[in-house]
Each structure stands twice: as C-alpha cells, then as structure tokens.
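Next input, structure requested:
(2 chains)
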Amino acid sequence: MTTATASHDDHHHGPEKGLMRWVKTTNHKDIGSLYMWFAFTMLLVGGAFAMGIRAELLQPGMQLMDPHFFNQLTTMHGLIMVFGAIMPAFVGLGNWLIPMMVGAPDMALPRMNNWSFWILPFAGGILLSTFFMDGGAPAFGWTFYAPLSTTFAPDSTDFFIFAVHLLGFSSIMGAINIIATVLNMRAPEMKLMDMPLFVWTWLITSFLLIGAMPVLAGAVTMMLTDRNFGTAFFDATGGGDPVMFQHIFWFFGHPEVYIMILPAFGVVSHIIPTFARKPLFGYSSMVYATASIAFLSYIVWAHHMFLTGMPVAGELYFMYATMLIAVPTGVKVFNWISTMWRGSMTFETPMLWAVSFVFLFTIGGFSGLMLGIAPADIQYHDTYFVVAHFHYVLVTGALWSIIAATFYWLPKWTGKMYNEGLAKVHFWWAMISVNVLFFPQHFLGLAGMPRRIPDYSLQFADFNLISSLGGFAFGASFILLTYIVIDCVRNGKPTTARPWASAKGLEWTLEPKAQYHSFNTPPSRALIEQESQNS
Amino acid sequence: MKRLTTLLSALVAMMSTNVFAEYGLNMTEGVTSISHDIYDLHMMVFWVCVVIAVVVFGAMFYSVFAHRKSKGAVAAQFHESTKAELLWTIVPVIILVGMAIPASKVLIDLEDTTKAEMSVKITGHQWKWQYDYPEEGISFISNLAQSHKDVVTGTDAEREAVGNYLLEVDKHLVLPVDTSIRFLITSNDVIHNWWVPAFGVKQDANPGFINDAWAKVDEIGTYRGQCAELCGKDHGFMPIVVDVVSKADYAKWVAEQQAAAAAAAASATKTWSKDELMAQGEGVYNTNCAGCHKKDGSGMPPVFPAMKGSPIANGAAADHMDIVLNGKGAMPLFKMLGDSDLAAVITYERNAFGNTGSVVQPSDVKSAR
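Next up, the predicted model:
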C-alpha cells in the first residue's frame, strides 16, 4: 500500500468537473466506468426485448405483435446483448482492472481508449434507430445468414452493417490497447507468469479479438457490396455461395463465443481463491488451458454448420476438434473445484455468483458436448435445446461472472460496501428465476420446438409458460440489482483497502477507493511476489 | 389463467406419477434406423454427462458444505499437482474417444444416400414447401392449412379445436413405407431447413445448391415437422406433414395425382371467365398472399403495402405479373405456382377490394414468364 500512496501526491490532479470530464477523459478508471454503465444500459435494453419475446411466447397464438416484429426483437436482442452488453462490460472490467493489476499508471494508449469507448454509443444508437425505419429493424437473426440478410433484407440493413463496422473498430482498438498495456506497461519487475489470471485471460482474448473482428468486418462488407454494388459473393445465381457466408461468419463467431467467456474464467479464478482462503490450484495449467481453448476456438467453426451439406470428412473433423475443447475446459473446472477443496469457505455475494457460475456454466458445457456430437446435432440443431445451451454459457456464464466481478471489485471502485443482505436476496432471486427461465428450454428443444418461431404448437405450451414466467422474474431481478449498485455508490459504508481479507492482487494495495492516478511508480518485486496468484 | 391452473395441476401430477413422456421431455426415438441411432447416441452421451456431473458436482457441493469456515474448516495450502492435472486431462480424452467411435459410425451411415429406391425433390419457398416426384411427374405445393391460419389470432379453444395447431398443411407429402427414399433438398429464395424429427432428417435447403438425405420409414402413419432455419416473417408457419402409407395405397395415390395433373394442364390452355378467375383467385390469395397483404387487402404498411388501391394492382397488368412472378425485396417470388392459379390470383387482386384492374388469363401469365 505504501508504494502507491507515497508517490501519487507529487503532481496530483483530480478529474475535471461536469459532463466534459466523461467526454474528454483519458483515465482508465473513468473509461472503465463509462463502459460498465453503457453495458448495463444495453443489458436493460436487450433485456426489454427479451421480455417482449417471452411475453409473445407466454401462450400459443399471436397476441402482442406480428411475426415480422418478433423477428426484429430476436435479432436485436442477440445483437445488443453480444455487442452492446457482454463485450463492452468485459472491456470495462479490463479497463478498470488491468492497469491496477499489472502495476501500470494507465492504459498504454489513453486517447485511443477514449475513442474506442465513444464510438460505442453511436454504434448502438445507429443499430437501435433501425427500429424506426421503413421496413423495420434487421429481422434475420443475430447470425444474419445470407441471402435473408442481403437480397431479402430491409433497407435498414445498411445501417446495421455500418454499426457492426463501428463496433468492430471499437473492439479492435480496445484489444490493441490491452495488449500494449500488458506487454509494455506492466511493472518492470512483473514476469508474465506473475500476472493475475484476469490479465492472462484478457491478453489471450485480445488476440482472439484482433483475429476475429476483421473477419466479421469482411463478412459485412461482402454483404454491403452484394446488397448495393452488384457483387454476388453469397448469391448462387451470380456464382456465389450462401454457405460461404456461414463459413466466414462462424470463423468470426466461434472465437467470439470464447471472447465472451475467457475473461469470465479469469474473474472466477480471482474470486474462488479469495473466499476459499486458499491459493488458486494449478495456476500455470489454467494459463495453458486458456491458451489451448483460444487456439482450438479458431479450428472448430463449422460445428455450427453440420446441416449445411458438408462432406462427411468435414463433419468428422469438426466433430473431433469440437469434442477436444471439452478437455481444457474440464481442466479449468477441475482446478476451480480443487481450489475450493479443503479450503475454509465463506459465501459472500461474489462467491455465490462464482460458485453458481461453475455449476451452471458446466451444465452449459455438457449440453455443448452433446451438440458437438454431429449425428445427434441433427435433432438438436436450431431448436430450443441450442437456445438453452447458449443462454447457460452466456447468461449464467459470461453475465454471471460480470455480476460477480462487479460485487467483488465494487468496494475498490467506490470505496464503499454494498448492502450484503440485499445482494444475497438478489442472488437467490436471479439464480432460481434464471433456471426456471432456461432449464425447461432443454425439454422444448428435445421435444422438437424450433428456435426463432413466434408461435408454436400446443404441446409446447406448458414449458413456454413456465419459461416466460421465469423470464419475467429474472428480468425484474435487475431492478433490484440497479438499486443495490446505486445504493452502494451513494450510501454505502466506507470500506477498507482490502475488504476481502484473503484477496490477492496489486489492486488491493491501493487506497480503499482506488486513487484517480495509481501506480505512478511501479510496485516492487517483493510486493509483486506477495500479491501473486502463482505462489 | 386457465392455463396456469392446468399447469399447476400438471406439475403436481408430474411429481406423483410418471407422465414425463406426455410433456415431451426427451427426443423422439422416431421411425427410421437413423432416428433410432441418433436417439441411442443422444442417450449415451446424456448418461455419460450425468455420471460426470454427479462426480464433479458431488465433489463441489461436498466441499461447499464440508469445507466452510463456519464449520471451523482450516484452509489447506496445496496449490499444484502435475499428477492431478495429467489425470484430468487424460481421463476425459479417453471418455471422448469412447463417444467419438459410435458417433462416427452413425455419421458415416446417415450420410450414405446411395441405397435409395426413389427420390423426392423438396424445394423451400417463403413460406411453403414444394414437393416434386421426378420419376412420377408429380409436383405440388404444401401450405399451412387455412383453418390454422385463421385461428392464429383466435382463442385458445379455437386453437385446440383445429387439432395439431400449426402442424397441418393443405396437401400432405405421401411416401411409401419400407422404401429407402432419397430427399433432394433445395430452396428457391432464402435458406430453409426441412425437418421431420421422427425420420431423423433435418437438412438445410440452400438456394442454388442441392443437399441430400435419406430415410426408410418402418411404420405407416402421419409425421409432422417444421422449417428449422429462420427464413423470414412466416418462418414459424411453414410446417411439414408426411403420410407414410402402404405400397399399394401409394401406387393408388400416384395414379390419382397424375390424373389431376393432366386435368390441370388442360385447364391452363382454355380461356377463363372473370367469375371463374375470381373464385379460384380468392383461395389462392388467402393461401399465399393474405399473410402479409391481409385478407381484406389492407396490408401491413409500410413493410407490406396495401392491395386496396395499390398502384400496381390498378396499373398495367405486365408490371403486376412481373412482381408476382419474380418478387422484389421483401416480396417473395411466386413463379412456382401454375399459370391458372397465377392468372386467377392476379385477376383477383386487380378486381377485389374495390380495385379496377384488367383480367389476366393463364395464357398471359405463360407469355410473361
């Protein structure tokens, strides 16, 4: 603690006052907060779309909207949640935490950092504005398969393409910034294998982003020229191939799902050791497993395409490669459980979220393994079984870790403690309702309900009703979460520098509310070793 | 509310008796060798996952209950074991190889379509299926049944009354039992997916390309499925119904269809009266057009324009035939319909809803193609 506080007063200046602070800021903590609040806003917007979807699916028949609007809602729900909520939230966590965790004063490229955030509200605004255009918003699913998204799409699709380009710029710049920070701004005494796992997972994620986002940009650019400039990349009548679109999309799309889960692995690897009061089990194997998953994520993309008419050799290869991912993912789960084993555990709110992450994410992993079995995928593909699978890994996986991280580091961000009792009530509320929401969807899928349909046959009515009621309860839990966070920021009790006694990491050596400029002088070797997860 | 009470009583029933099957909790075993193989594979992987889950979650929850501070647990400090890491790398690999072997066998078998005795070509359209029997010269289009379209915005009782809500079509696909059938699957516009769960057949219909799949159905019966790839507005409303019949009944059905096809070909060459066209056109309109343009021609502006007072319906017949035959933007093309049906529906659109367009004959459509 002494190292940082002793040096930071030299030319101390606080943040600018008023709105312009947030527009002009180059401070990683301010930008981290901007990202988090933007992501939370988008989570509520995307959640509102989900409420609309579940309300229409509450019972058979069309009650609230026409099928075209339903398709707009499913499409925009997916796009907003992936590109507006989950990804910016992780970039926000990275901005807040990575400089503090590696003992750096700020991100390596602070002005670019400002830019990569401020692109987002405009990209999100363009995307949302399509609802008000003639022909409506994009209605072809978040996977926007051609030719539904090219020849047969509404005019607003060109705005969607522009928004995706902007989101891609923002992500690539964010990734470059994190790589530059970790590799160049890290405390000179900190070796790579001293780095906390959140930094490791984000470093690896950044390389996934740099590899995957340009491919997405390529896909939407080809769509743009197909739509407007007479090319026929995805149009068979001009010599193109609609299946090629899916190859390009999933070459981005599969790394993308790991972009949304690797930082989550990092978060959980911080929280479990803290509340088990025991060092993280298998630090180096965690690093290697993360790198293996990242590598494998590039070579399994066509397991999303088993039904497109691939040759059998292709199906066999993609099935084997996909099954292989279970191995490093399993290593991680085993390491977390070994960390808990013979620990001395307490279950404060962050730990509750982290343990339920391990439980529910693993359920999503099991259904993922089942989906990877190519012949069985014939019956699972494009049903609610898939919907259940990816909501278990994205909601109770990625989102769970973001909420866990928020509760875990909120005291460091605000210098105040949230209301533990309310936070536990919120946890159990969300935990129970999310399972009522998504677990029955496994049954719906196995019983034969396709995804992305606005109305369904009567044998699916009961589970849809249960799922919708769970969905409304889960949606309502976010009202309480909003209250808990705002209450903490405004009225929380002051906390100490290290509110979780067993927490390790350089960020806990800072003041209770991390000072606006931290680590103006790098931490010493002794301090780094003392705070290392790799002990 | 009624649904909620039935649901609650159903939940109580589920706890006491084994009614899981009725609630469709699991994958269908189906009626083909492929669907049986898939089901067996699914159950095998499922039980492997259950066993792993019991071990892994068992260890985790034991730890959560036993190793807590409130019970006086003192934290051990171990944090590494190369042996353990190797163990939980190698054991999963062995389990995965054990799963991959049977999965590969099934996959190779279901992709082998060479043993087929007959072929059916399946073409997806927004939002209906077209079935062609190339050897028998039969071709027809299968739409969601009108009685079902009518109750989409109706009451629960009406939806129950129609039976198999949303899973009924105006013309069933008919196939012979105990015959290896090769499905040639393609699309005329966007990507669709032809899925009949009981057959274990689900294959993308890609525009410009033909995929294949096969099935040999063991049991006579009626089997239902749906489009399984988002294909636009009425993706949820293009079901599949297959009647699997005895070989004798199938031969009879083929003869009937061939006779009907000959009669239709004859009617396309004659000149129709306006009343005949209007009568025929109303049915075609309600089946194919009313989903977007509405039965009363009011449409759903601005996406789907009104038919009433439409400049195209009241303008030159050539432009009207062009947009119906070839589509435009969100408007799908309809050139797969026969000349008489197209002439009838275009005439209907030009003269119903207070419109004052000209009459179009099948011969006009034929020359406009």
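
drop to CA atoms for contacts and neighbour counts, all remaining ones
Fine.

my read is B:Ser119 is in a strand, agree?
Yes - according to DSSP: H, G, I helix; E, B strand; the rest coil, B:Ser119 belongs to a strand.

That one pairs with what?
Counting by DSSP bridges, B:Ser119 forms beta bridges with B:Arg182.

can you pull the contacts of it?
B:Tyr133, B:Pro134, B:Glu135, B:Ile181, B:Arg182, B:Phe183, B:Leu184 (C-alpha atoms under 8 Å, 6 or more residues apart in numbering or on different chains).

Strands of the chain, start to end?
Going with chain A. All strands of chain A, identified by DSSP state E, fall at A:416-417, A:493-494.

other chain: chain B
Secondary structure of chain B (DSSP E): strands at B:118-125, B:128-133, B:138-142, B:173-176, B:180-187, B:192-196, B:201-205, B:211-216, B:221-227, B:239-245.

what does the fourth one rub up against?
What it means is strand B:173-176. Against strand B:173-176 from outside (C-alpha under 8 Å, 6+ apart): B:Tyr131, B:Ser142, B:Ile240, B:Val241, B:Val242, B:Asp243, B:Val244, B:Val245, B:Ser246, B:Lys247, B:Asp249, B:Tyr250.

what's the neighbour count on the second one?
Neighbour count for B:Ser142, taken as other C-alpha atoms under 10 Å in any protein chain shown: 20.

now it, which residues is it bridged with?
Note on B:Ser142: beta-bridge partners B:Trp129, judged by DSSP bridges.

By neighbour count, which of the contacts of B:Ser119 wins?
With neighbours taken as other C-alpha under 10 Å, the top of these is B:Phe183, carrying 23 neighbours.

how close does that one get to chain A?
To chain A, B:Phe183 is 13 Å away according to C-alpha to the nearest C-alpha, to the nearest Å.

who's in contact with that residue?
Neighbours of B:Phe183 in contact, by C-alpha under 8 Å, 6+ apart: B:Ser119, B:Val120, B:Lys121, B:Ile122, B:Asp212, B:Ala213, B:Trp214.

Look up how far B:Gly154 lies from A:Gln459.
Plainly put, A:Gln459 is 17 Å away from B:Gly154 if you go by C-alpha to C-alpha, to the nearest Å.

Which of these two has more residues huddled nearby?
More crowded of A:Gln459 and B:Gly154, by other C-alpha under 10 Å: A:Gln459, with 18 against 15.

Which pLDDT value belongs to that one?
Here, the pLDDT recorded for A:Gln459 equals 92.

cool, and A:Val182?
According to the model, A:Val182 scores 97 on pLDDT.

related to what we said a few turns ago, adding mean pLDDT, write the strands of chain B out as JSON lines.
Below are those laid out as JSON lines (pLDDT from 0 to 100):
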{"stretch": "strand B:118-125", "mean pLDDT": "96"}
{"stretch": "strand B:128-133", "mean pLDDT": "96"}
{"stretch": "strand B:138-142", "mean pLDDT": "93"}
{"stretch": "strand B:173-176", "mean pLDDT": "96"}
{"stretch": "strand B:180-187", "mean pLDDT": "95"}
{"stretch": "strand B:192-196", "mean pLDDT": "97"}
{"stretch": "strand B:201-205", "mean pLDDT": "96"}
{"stretch": "strand B:211-216", "mean pLDDT": "93"}
{"stretch": "strand B:221-227", "mean pLDDT": "96"}
{"stretch": "strand B:239-245", "mean pLDDT": "97"}
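
wait, which of the ones you listed is closest to B:Asp112?
Smallest distance to B:Asp112 across those (C-alpha to C-alpha): 8.1 Å, for strand B:211-216.

In contact with residue 254, which residues?
Using chain A here. By C-alpha under 8 Å, 6+ apart, A:His254 lies in contact with A:Ser297, A:Tyr298, A:Val300, A:Trp301.

My question was about chain B, not that one.
By C-alpha under 8 Å, 6+ apart, the neighbours of B:Val254 are B:Glu136, B:Ile138.

What of B:Thr89?
Counted by C-alpha under 8 Å, 6+ apart, B:Thr89 has contacts A:Val327, A:Pro328, A:Gly330, A:Val331.

now A:Pro196
Residues in contact with A:Pro196, defined by C-alpha under 8 Å, 6+ apart, are A:Met101, A:His270, A:Gly505, A:Ser532, A:Gln533, A:Asn534.

Put the buried members of those residues into a ChimeraX selection.
Per 16 or more other C-alpha atoms under 10 Å in any protein chain shown, the buried members of the contacts of A:Pro196 correspond to this ChimeraX selection:
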select /A:101,270,505,532,533,534
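
Among the contacts of A:Pro196, which lie within helices?
Mapping the contacts of A:Pro196 onto helices (DSSP state H) picks out A:Met101, A:His270.

which among the contacts of A:Pro196 gets closest to chain B?
A:Asn534 (9.0 Å; C-alpha to the nearest C-alpha).

so the closest one touches A:Asp194, yeah?
Yes - at 6.1 Å, A:Asn534 counts as touching A:Asp194 under the criterion of C-alpha atoms under 8 Å.

Which stretches in chain B count as helices?
Counting by DSSP H, the helices of chain B are B:2-16, B:33-66, B:82-110, B:146-150, B:156-162, B:247-267, B:274-288, B:290-293, B:317-326, B:339-351, B:362-368.

Repeat that for the stretch 201-350 of chain A.
If DSSP state H, counting those that start in this stretch is used as the criterion, the helices of the stretch 201-350 of chain A fall at A:242-259, A:262-276, A:283-297, A:312-324, A:326-340, A:349-372.

With just CA atoms, put stretch B:248-268 into PDB.
Extracted in PDB, the C-alpha atoms of stretch B:248-268 (Å, rounded to 0.1, in the frame of the first residue of the first chain):
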ATOM      1  CA  ALA B 248     -50.500 -50.300 -52.600                       C
ATOM      2  CA  ASP B 249     -52.000 -47.100 -51.300                       C
ATOM      3  CA  TYR B 250     -49.000 -45.200 -52.500                       C
ATOM      4  CA  ALA B 251     -49.400 -46.600 -56.100                       C
ATOM      5  CA  LYS B 252     -53.100 -45.500 -56.000                       C
ATOM      6  CA  TRP B 253     -52.200 -42.000 -54.800                       C
ATOM      7  CA  VAL B 254     -49.700 -41.700 -57.600                       C
ATOM      8  CA  ALA B 255     -52.300 -42.600 -60.200                       C
ATOM      9  CA  GLU B 256     -54.700 -40.000 -58.800                       C
ATOM     10  CA  GLN B 257     -52.200 -37.300 -58.700                       C
ATOM     11  CA  GLN B 258     -51.200 -38.000 -62.300                       C
ATOM     12  CA  ALA B 259     -54.800 -37.800 -63.500                       C
ATOM     13  CA  ALA B 260     -55.300 -34.500 -61.600                       C
ATOM     14  CA  ALA B 261     -52.100 -33.100 -63.100                       C
ATOM     15  CA  ALA B 262     -53.400 -33.900 -66.600                       C
ATOM     16  CA  ALA B 263     -56.700 -32.100 -65.900                       C
ATOM     17  CA  ALA B 264     -54.800 -29.000 -64.600                       C
ATOM     18  CA  ALA B 265     -52.700 -28.900 -67.700                       C
ATOM     19  CA  ALA B 266     -55.800 -28.900 -69.900                       C
ATOM     20  CA  SER B 267     -57.400 -26.000 -67.900                       C
ATOM     21  CA  ALA B 268     -54.400 -23.800 -68.400                       C
END
